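Asker: predicted model and sequence below, questions to follow.
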Amino acid sequence: MNLFGKEILNIAITLECDCQCKHCYIESFEGISDKDLGLKTWKEIIDLFVNNGGREVCFHGGEPLLYENIGKIVYYAWQRGLETSIISNLISLDHSLIEVFKETQTYILTSLDGPRENYFQFRGLDKLDLIIENIDLLRKNGLSVHPIHIVHGKNYSDLSWITEFCNSREIKVATLSPLQPIGRAAQLKDYWLSPEELGEFIDTFTQLNKENKRVKFVTQSIFKPGDLGSFTAQENYLKTYNDRYLNIFNDGSILPDFDLPDMRNFSLGNITEIPLKINQKKEKAYRETLDKAFIRGKSKLQKGIPINWIEEVQIAAKEQLSPDKQGKNLEKEE
Ligand code: SF4
């Protein structure tokens with residue numbers, strides 16, 4: 001694996017968070033560590049990435065705005081010529097950060113789960129008004145804001161709130177993200193999308209993009225049985241999608257993908273190790289996981305079952321770890 005032929009650096013800069021989301025994926029991280037590499041080391045990692053042709057950096061969490069040096073590291077990455085983006089719940093946004101984001105033209109992705117009852121139920125806090133105020137403030141400062149709206153078993157058929165929100169603010173792109181049954185969401189069976197509901201969501205999603213020309217809705221790689229040809233044609237793309245990304249965790253762990261359950265089991269090494277050693281066995285296990293996910297996904301589509309590619313990878317990853325039962329925990333009724 002060539003770590004530094006990558007285009008996009010994803011950094012989960014902290015695992016701390018000021019929200020209590022019921023569906024948070026953080027709990028799927030086995031052996032979680034709150035270690036911070038420190039500003040100097042993060043700058044060195046960014047230097048390494050830039051010197052090897054990297055183009056973009058995205059700061060994730062936890063909640064990245066809680067990282068004490070977030071403004072400094074975003075600014076540094078921008079000075080080094082990288083495009084910058086951040087995925088934040090925007091609860092802890094303050095004036096000084098807005099100034100940094102403005103100067104660096106940082107692209108802001110934010111979780112937005114209205115209406116109020118939905119936000120409260122999912123995020124555990126009554127902060128929707130604050131988030132909307134902060135989105136408006138960022139936009140007033142000339143920044144692009146990209147909402148990420150979780151789609152689940154109780155809202156998939158009516159996405160009017162997020163549609164109206166985006167249209168009323170001339171938001172250009174929004175993600176509709178089907179709930180993934182990992183982390184805390186593994187306990188939310190009532191909210192998982194059944195295969196039939198996923199199929200209905202795919203229709204709603206297609207319709208939304210036909211009807212709303214000003215906003216582009218994007219989503220995960222989801223397929224209906226009629227898309228079997230397209231799924232097969234995308235085999236190489238699906239299996240190599242993460243090759244563009246260098247995913248680094250707060251303690252320096254290198255991960256092939258941020259959306260795997262028990263992802264530490266797939267940790268490829270640590271970016272701070274010199275010389276860098278990549279765990280070939282784990283890399284091979286990840287590639288095998290993708291192969292198995294593809295076979296499983298294809299077989300489901302052939303049987304007439306809609307699929308979400310990320311979930312197929314998660315199920316295959318669980319099975320990879322514990323072939324007897326783990327995958328079954330994520331498998332929905334077919
Ligand atoms: S889902 Fe995001 S915002 Fe919610 S608790 Fe987890 S890290 Fe925080």
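Answerer: Ah, there it is. Residues are numbered from 1 along each chain as shown.
Asker: got the contact list for residue 229?
Answerer: Taking Cβ atoms under 8 Å, 6 or more residues apart in numbering, we find residue 229 in contact with no residue. Where you see a C-beta, it was placed from the backbone N, CA and C, and this is true even at glycine.
Asker: helix or strand: which one has it?
Answerer: helix 228-233 (DSSP states H and E).
Asker: using PDB, write down the CA coordinates of that helix.
Answerer: Presented in PDB, the C-alpha positions along helix 228-233 are these (Å, rounded to 0.1, in the frame of the first residue of the first chain):
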ATOM      1  CA  LEU A 228     -27.800  -5.100 -10.600                       C
ATOM      2  CA  GLY A 229     -26.100  -4.100 -13.800                       C
ATOM      3  CA  SER A 230     -24.900  -0.800 -12.400                       C
ATOM      4  CA  PHE A 231     -23.700  -2.500  -9.200                       C
ATOM      5  CA  THR A 232     -21.700  -5.000 -11.200                       C
ATOM      6  CA  ALA A 233     -20.200  -2.300 -13.400                       C
END
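Asker: what comes up buried for that helix?
Answerer: Neighbour-count burial for helix 228-233 flags 228, 231 (criterion: 16 or more other Cβ atoms under 10 Å).
Asker: how about stretch 200-219?
Answerer: For stretch 200-219, the neighbour count (16+ other Cβ under 10 Å) marks 200-202, 204-205, 208, 215, 217, 219 as buried.
Asker: quick one: which of these is nearest the ligand?
Answerer: residue 219 (17.6 Å; Cβ to the nearest ligand atom).
Asker: the closest one and residue 178 touch, don't they?
Answerer: Yes: with contact defined as Cβ atoms under 8 Å, residue 219 reaches residue 178; the gap is 7.0 Å.
Asker: any common contacting residues for the two?
Answerer: Shared contacts of residue 219 and residue 178, defined by Cβ under 8 Å, 6+ apart, are found at residue 151.
Asker: mean confidence for the longest helix anywhere in the chain?
Answerer: The longest helix of the chain (DSSP state H) is helix 280-302. Mean pLDDT, computed over helix 280-302, is 96.
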